[in-house]
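Student: Build me a model:
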Amino acid sequence: MSDLNWVAAITHLRTRREPGVLVTVATVRGHAPRRPGAKLVVGPAQTWGSIGGGNIEAVAVERGRELLGKPEAEPELMEFALNDKVLNEHGVQCCGGVVTLLLEPLPVVPAVAIFGIGHVGIELARILARHDLELHLIDTRPDMLSAERLAVLSDAVARLHVHHTPLLPEEVLEQLPAGSHVLIMTHDHAEDAALCDAALRLGRFDSIGLIGSAAKWSRFRSRLLTEGGHDPEALARIKTPIGLPDITGKEPAVIAVSVAADLLHAFEHRPIAG
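Tutor: Numbering: from 1, shown residues only. Presented below is the predicted three-dimensional model:
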């Protein structure tokens, strides 16, 4: 594997929303199969690259796979003495040196979908774009998703997905990864209602948030119960109003900060679905 292929391997895992572990030869004392900086990427069913093969690599892969199942896993160091006096599970490596490996978990990043990129939506996108996540922007109005308007996101850390859906924005819900956080804030209450109904029917999102007043939710709730056939327990999955309750400002930027803070709290307290 070339020095850059590990980047492609991580991109592959991220695109497939699979966790991984990046293993790097951190230090070498004496002789070893690979120099410092050599990398191995461990995925759920595949590996890319090599840190020298033999016992070192086999143990690193095993430990990497253990870390894949731990959402709160932290980076860790492993040290190997390469001599014939060390009993190894996967054979003897007697190069004569000592190797330290750094194992860095690569978790699946959160996915957020904002339906409606109006005044609040664009402010929220600006905040969330500064975080390592998958950010889906959806609107039925092409001018809301114009290159000029989205230029404020040109330096985004997040991976952006822009969806212009002139007719049925709820169809985008089926394209979203399981465990996504869905925020419904379109310009049209009919669209909002259709999105709430569709999101509940799919039943695979970590959270569903609806912007609006108590009166709006009262109307929606009645329709979802009677016309949609949803039970009260299902409706409890929709959070409205969205954001932190103690932040009561109505300015778009204030609402966006409140919603973003609430989402960040959710990211820290819920495992990410791959």
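Student: model confidence over the biggest helix by length in the chain, on average?
Tutor: Secondary structure assigned by DSSP state H gives helix 252-269 as the longest helix of the chain. What helix 252-269 shows for mean pLDDT is 92.
Student: Name the residues of that helix that are buried.
Tutor: Residues 255-260, 262-263, 266-267 are the ones in helix 252-269 that count as buried (16 or more other CB atoms under 10 Å). (Glycine included, C-beta is placed from N, CA and C.)
Student: What of stretch 50-65?
Tutor: Across stretch 50-65, burial judged by 16+ other CB under 10 Å covers 51-52, 54-57, 59-61, 63-65.
Student: do the same with stretch 201-211
Tutor: Residues of stretch 201-211 classed as buried: 205-211 (neighbour count, 16+ other CB under 10 Å).
Student: for stretch 64-77, what is the average pLDDT?
Tutor: 90.
Student: if we can go back for a sec, which strands or helices does the longest helix of the chain pack on?
Tutor: With contacts taken as 3 or more CB pairs under 8 Å, 6 or more residues apart in numbering; DSSP states H and E, helix 252-269 sits against helix 119-128, strand 181-184.
Student: roughly how far is that helix from the heart of the chain?
Tutor: Taking the mean of its C-alpha atoms, helix 252-269 sits 15 Å from the chain's own mean (CA atoms, centre = their mean, to the nearest Å).
Student: do stretch 157-173 as well
Tutor: Per CA atoms, centre = their mean, the displacement of stretch 157-173 from the mean C-alpha position of its chain is 16 Å.
Student: first to last residue in it, what's the distance?
Tutor: Start and end residues of stretch 157-173 are separated by 23 Å (CA to CA, to the nearest Å).
Student: Tell me the spacing between residue 161 and residue 124.
Tutor: According to CB to CB, to the nearest Å, residue 161 stands 15 Å off from residue 124.
Student: In helices, which of the buried residues of stretch 201-211 fall?
Tutor: Going by DSSP H, the helices hold none of the buried residues of stretch 201-211.
Student: which of the residues you listed sit farthest apart?
Tutor: Maximum pairwise distance among these (CB to CB): 17.7 Å, between 206 and 211.
Student: before we move on, which element is residue 41 in?
Tutor: In the assignment (DSSP states H and E), residue 41 maps to strand 39-42.
Student: Report all helices and strands that the helix or strand just after that strand contacts.
Tutor: Heading C-terminal from strand 39-42, the first helix or strand you meet, by DSSP H and E, is strand 47-49. Where contact means 3+ CB pairs under 8 Å, 6+ apart, strand 47-49 is packed against helix 5-15, strand 39-42.
Student: Looking at the ones you listed, which is nearest to residue 242?
Tutor: Comparing those under CB to CB, the one sitting nearest is helix 5-15, at 27.0 Å.
Student: Would you mind pulling the contact partners of the closest one?
Tutor: Residues from elsewhere that reach helix 5-15 (CB atoms under 8 Å, 6 or more residues apart in numbering): 19-20, 22, 39-41, 43, 48-49, 106, 108-109, 159.
Student: Export stretch 24-40 to CSV, keeping only CA atoms.
Tutor: These are the backbone C-alpha positions of stretch 24-40, laid out as CSV (Å, rounded to 0.1, in the frame of the first residue of the first chain):
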residue,chain,number,x,y,z
THR,A,24,0.4,3.4,13.1
VAL,A,25,3.9,2.3,13.9
ALA,A,26,4.6,5.1,16.4
THR,A,27,8.2,4.2,17.5
VAL,A,28,10.9,1.7,16.7
ARG,A,29,13.9,0.8,18.7
GLY,A,30,16.4,-1.5,17.0
HIS,A,31,15.3,-3.6,14.1
ALA,A,32,11.7,-4.0,13.0
PRO,A,33,9.7,-5.0,9.9
ARG,A,34,8.5,-1.5,9.2
ARG,A,35,9.6,2.1,10.0
PRO,A,36,7.7,4.6,12.1
GLY,A,37,4.7,6.0,10.2
ALA,A,38,3.7,2.7,8.5
LYS,A,39,0.0,2.3,8.7
LEU,A,40,-2.7,-0.3,8.7
